[in-house]
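# Quick one, fold the following:
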Amino acid sequence: MYYDDAFDPTLENDFDVPQFDETYSIANSVTTMNSNTKKYLKQLELLKMQDKDFRKIDRYFNGKKKSIELYATNSTPGTRIRDATSGSRINNAKVGCRDEDMFYKVAICTCEKGISPIDSNIFFFDSPEQYERITGSTVSQQDKSSWEEKRIKERVKRQ
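Just a heads-up that it's a prediction; the model follows:
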């Protein structure tokens, strides 16, 4: 059965949907955007806010305020690990086992707006460098080296 779907990207009548990178947010919108794009971005922001593991925190970099969007992972053993930057759940990687050694695990315990002490605030990054780049924090070289050693040992065990 054929029907006309207004949101099918292959049809000519669809909206121009912008391409996103991880630093793009609705705050970066320009006045030249058409109204359909603005509606799309607003809906995207609303969807993110409905995700119970989504965290949006504000930090200052070089005197400028920057919003950081992260996705927390539930700390219940057996839960699938969630990528902190994209929010995607990683297949065959679970909390509470050796799978955690493949990621740089961070618990943010500050009283920042957007971080509740009641919620789980554990974040899994690909590397300490990714954590530094996203959050503007600094990780000591000793911590980076020990994490890399732990990750290499885990990779060897898996082969």
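
# OK, contacts around residue 50?
Applying CB atoms under 8 Å, 6 or more residues apart in numbering to residue 50 gives no contacts. C-beta coordinates here come from the backbone N, C-alpha and C atoms, glycine included.

# Likewise for residue 103?
Residues in contact with residue 103 (CB under 8 Å, 6+ apart) are 81, 93, 124-126.

# Just the ones of those in helices?
Counting by DSSP state H, no part of the contacts of residue 103 is found in helices.

# what's the average pLDDT for stretch 55-63?
For stretch 55-63, mean pLDDT rounds to 83.

# remind me which residues of this protein are low pLDDT?
Along the chain, segments meeting pLDDT under 70 span 1-33, 111-119.

# show me where it has helices.
35-50, 128-135, 141-158.

# What count of nearby residues applies to residue 142?
Number of residues near residue 142 (other CB atoms under 10 Å) recorded here: 8.

# likewise residue 57?
The burial count for residue 57: 17, using other CB under 10 Å.

# Likewise for residue 69?
Residue 69 has 20 neighbouring residues, counting by other CB under 10 Å.

# what are the bridge partners for it, then?
Beta-bridge pairing of residue 69, defined through DSSP bridges, involves residue 56.

# picking up where we left off before, as JSON lines, the helices of the chain with distance to residue 101 would be great.
Listed next are these as JSON lines, based on distance: least, CB to CB, whole Å:
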{"stretch": "helix 35-50", "distance to residue 101": "29"}
{"stretch": "helix 128-135", "distance to residue 101": "13"}
{"stretch": "helix 141-158", "distance to residue 101": "4"}
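
# Deepest in the core, which of these is it.
helix 128-135 (a mean of 17; mean count of other CB atoms under 10 Å).

# Now do that helix and helix 141-158, the angle between them.
120 degrees (axes from the mean of the first three to the mean of the last three CA atoms, to 10 degrees).
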